[in-house]
Each structure stands twice: as structure tokens, then as C-alpha cells.
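>>> after the sequence you'll find the predicted model.
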Amino acid sequence: MAGGNRTSIFEFLLWGFSERPEQQCILFLLFLWMYVVTVAGNLLIVLAIGTNTCLHTPMYFFLASLSCADILFTSTTVPKALVNIQTQSRSISYAGCLTQLYFFLHFGIMDIFLLVTMAYDRYVAICHPLHYTMVMSRQRCTLLVSACWALPSLAAMTHTFLIFRLSFCSKKIIPDFFCDLGPLMKVSCSDTQVNELVVLVLGGAVLLIPFMLILVSYIHIISAILRIPSAQGRRKSFSTCGSHLAVVALFFGTTIRAYLCPSSSSSNSVEEDTAAAVMYTVVTPLLNPFIYSLRNKDMKGALGRLCRGKVSLSWGR
């Protein structure tokens with residue numbers, strides 16, 4: 001692409017959720033509802049944890065961080081898609097596309113790191129309960145969450161810079177409803193072998209290593225739970241861990257399919273890729289508040305007190 005095309009004048013066109021005009025109104029209302037519920041649900045979790053001293057523990061500290069990340073993660077893609085549907089415009093500027101790509105990758109990878117951190121927290125709590133307070137100290141929890149916020153920027157910057165080096169033909173249609181690595185490489189006029197190699201290596205490291213760490217953690221956790229003599233204790237432990245595993249399965253399953261199992265550029269493949277992208281960018285952040293609160297008595301109690309206005313603003317642990 002000529003240097004002059006790398007300006008605010010150059011634009012991409014987003015494929016969107018569907019090409020059928022009759023579906024646009026329904027899709028707009030559906031995704032608007034999903035976005036509002038996602039933001040409201042995750043914000044309620046953050047407020048319930050922040051205003052209830054009983055929930056000032058490492059597990060809920062990580063959950064509040066995950067809820068914040070989910071709000072930001074969804075907000076990088078859905079509002080722009082809604083605006084495009086409402087205005088009947090598919091355009092996004094080159095600068096806007098790269099900005100969206102960076103923040104999408106940053107908050108998406110942050111989600112992954114937080115899920116690993118939550119698995120580690122549950123592993124220590126169940127497999128090494130006597131050392132839990134010492135291992136998951138306030139300083140270590142703060143360090144872990146800080147790392148989850150900071151480290152994703154390195155991977156996001158690497159991918160964004162490599163996309164910046166590519167050339168694009170004007171008015172190319174990105175086969176997705178937002179700017180993502182795979183769709184952008186598909187519409188590039190340049191050789192994308194380096195990009196594909198980095199996606200495979202770095203993406204594999206960011207996705208598969210955390211996924212394997214979570215699996216190993218839960219193998220140890222389930223083994224420890226089965227040794228608990230009390231049936232009530234086993235039920236409580238399985239309930240807490242089951243919620244986390246449900247989120248992990250949904251998020252990692254769709255993300256690994258999108259990044260490590262790329263499809264062709266046919267119309268059916270575009271629809272399948274878009275459906276997979278909706279699952280990890282919209283559906284998972286939407287379900288997180290329900291998965292973590294409806295199966296958790298402490299969270300349900302905190303949300304009930306928050307809704308009734310019976311809250312405390314102290315931040316002790």
C-alpha cells in the first residue's frame with residue numbers, strides 16, 4: 001500500500017454480522033441488548049465486590065478484575081458494530097482499525113491471563129489451604145493483576161505493528177464485524193507469512209500454554225476435591241470450580257478455533273468465523289456475570305444488598 005493510503009482518508013469496510021438487509025434491525029436490537037446486559041451485569045459484580053467487605057478476598061478480587069476486562073473487551077468491538085448497523089455504514093478508518101485491533105488483543109489476552117490467575121487461586125485454596133493466606137497475600141494478588149494488565153500490551157503491540165507493515169488495497173471488505181488479525185491478513189495485498197508465523201507461535205503460547213496450565217490446575221483440584229470427606233464440602237468446591245471451568249471451556253474453545261484453526265475465505269466460512277467471534281467477544285462476557293453470581297451464594301447476597309442500597313464503602317480484606 002502506498003504511504004499516502006496510511007491516512008485517516010483510507011478506510012476498510014466491515015462485513016458485519018450479516019449481509020441480509022432484513023436482519024439488520026433484529027441484529028441491532030439483539031446486540032444492543034447483549035451489550036447493555038454485559039456492561040450492566042459486569043459492573044454490578046464490580047460494585048457488589050467493592051462495596052461488600054465479606055468479598056474482599058483474592059478470588060473475588062480476580063473476579064472483579066475479570067469483569068472490568070470483560071466490559072472493556074466488549075466495548076472495543078460491539079459499539080462500533082452497532083453504529084455501523086444504525087447508520088447503514090460499514091466503514092472504519094485505517095487508524096481506527098489498528099486502534100481497535102490493539103485494544104481488542106490487549107483486553108482479550110488480559111482475559112486469558114486472568115482466567116489462569118483465577119485457576120491458580122483455586123488450586124492454592126483447595127490443594128494447599130493451610131498456605132493460602134501466605135501465598136495469596138495482598139501484595140502477590142496486586143502483582144498478579146498488574147501483570148495481567150501490563151503483559152498483554154507486548155503481544156498486542158507486536159501483532160499491531162506487524163499488521164501496520166502490510167499493504168492493503170483501498171475499500172477492502174474485512175470478513176468480520178471488527179478488525180481482527182485473521183480477517184486483516186486475508187484482505188492484505190502483501191505477503192503475510194511472517195504474520196501467520198507470529199500468530200501461530202505467539203498465539204499458541206498465549207492460548208495453549210494458559211489453557212494447559214488451567215487443565216493441570218484443575219486435574220489437581222478435582223483430585224483434591226474427591227478426597228474431601230464431607231459431601232457438602234465437595235459440592236461447594238465443585239460449584240465454585242464448575243463456574244470457572246464453564247467460562248474457560250466456552251472462551252478457549254471458540255478462541256482456539258478462531259486463531260489456531262483458520263478457515264477459508266468462502267461465504268460459509270465467513271459466517272462460521274463471525275459466529276465464533278461473537279461467542280468469545282460477546283457471549284462469554286455476557287454469561288460471566290450469570291455464571292459467577294447465580295451459582296454463588298455470597299455473590300447473590302452481595303448483589304441483593306447492593307440493589308437494596310445496603311452497602312459499605314470500606315475496602316478491608
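Received it, and whenever you're ready, just let me know what you need. Numbering: from 1, shown residues only.
>>> what does stretch 153-172 contact?
By Cβ atoms under 8 Å, 6 or more residues apart in numbering, the residues outside stretch 153-172 that reach it are 1, 5, 10-13, 94, 98, 101-103, 105-106, 109, 181, 184-185, 187-190, 192, 194-195, 198-199, 202, 206. For every residue, glycine as well, the C-beta is placed using N, CA and C.
>>> please narrow these to those residing in strands.
Using DSSP state E, the members of the contacts of stretch 153-172 that fall in strands are 11, 12, 13.
>>> circling back to that earlier point, for the contacts of stretch 153-172, which ChimeraX command selects only the ones that are buried?
With 16 or more other Cβ atoms under 10 Å as the criterion, this ChimeraX line picks the buried residues out of those:
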select :1,10,11,12,94,98,101,102,103,105,106,109,181,184,185,187,188,192,195,198,199,202,206
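>>> which one of the ones in strands among the contacts of stretch 153-172 is nearest residue 217?
When those are compared for distance to residue 217 (Cβ to Cβ), residue 12 wins out at 40.0 Å.
>>> please name the residues that touch that closest one.
Going by Cβ under 8 Å, 6+ apart, residue 12 touches 91, 92, 93, 94, 97, 168, 171, 172, 173, 174, 179, 187.
>>> how is residue 228 assigned, secondary-structure-wise?
Here residue 228 takes the coil state, with states given by DSSP: H, G, I helix; E, B strand; the rest coil.
>>> what's the burial count for it?
15 (other Cβ atoms under 10 Å).
>>> kindly report the same for residue 308.
By other Cβ under 10 Å, neighbour count at residue 308 equals 8.
>>> need the pLDDT of it.
pLDDT, residue 308: 71.
>>> now swap in residue 255 and tell me
We have a pLDDT of 84 for residue 255.
>>> quick one: it and residue 281 touch, right?
No. Checked against Cβ atoms under 8 Å, the pair residue 255 and residue 281 is beyond contact range at 9.5 Å.
>>> tell me which of these two has more neighbours.
A direct count of neighbours by other Cβ under 10 Å for residue 255 and residue 281 places residue 281 higher, at 26 against 23.
>>> rewinding a little: list residues touching both of residue 255 and residue 281?
residue 108.
>>> what does stretch 271-279 rub up against?
Contacts to stretch 271-279, defined as Cβ under 8 Å, 6+ apart, come from residues 15, 17, 175-178, 180, 182-183, 250, 254, 257-258, 263.
>>> not counting sequence-adjacent ones, nearest residue to residue 100?
Excluding the flanking residues, the one nearest residue 100 by Cβ to Cβ, 6 or more residues apart in numbering is residue 179, at 4.8 Å.
>>> quick one: the strands in the stretch 151-300 of the chain, in order.
173-174 (DSSP state E, counting those that start in this stretch).
>>> so where is it shaky, pLDDT-wise?
Within the stretch 151-300 of the chain, the segments meeting pLDDT under 70 span 170-171, 233-234, 236-237, 239-240, 243, 262-269, 294-296, 298.
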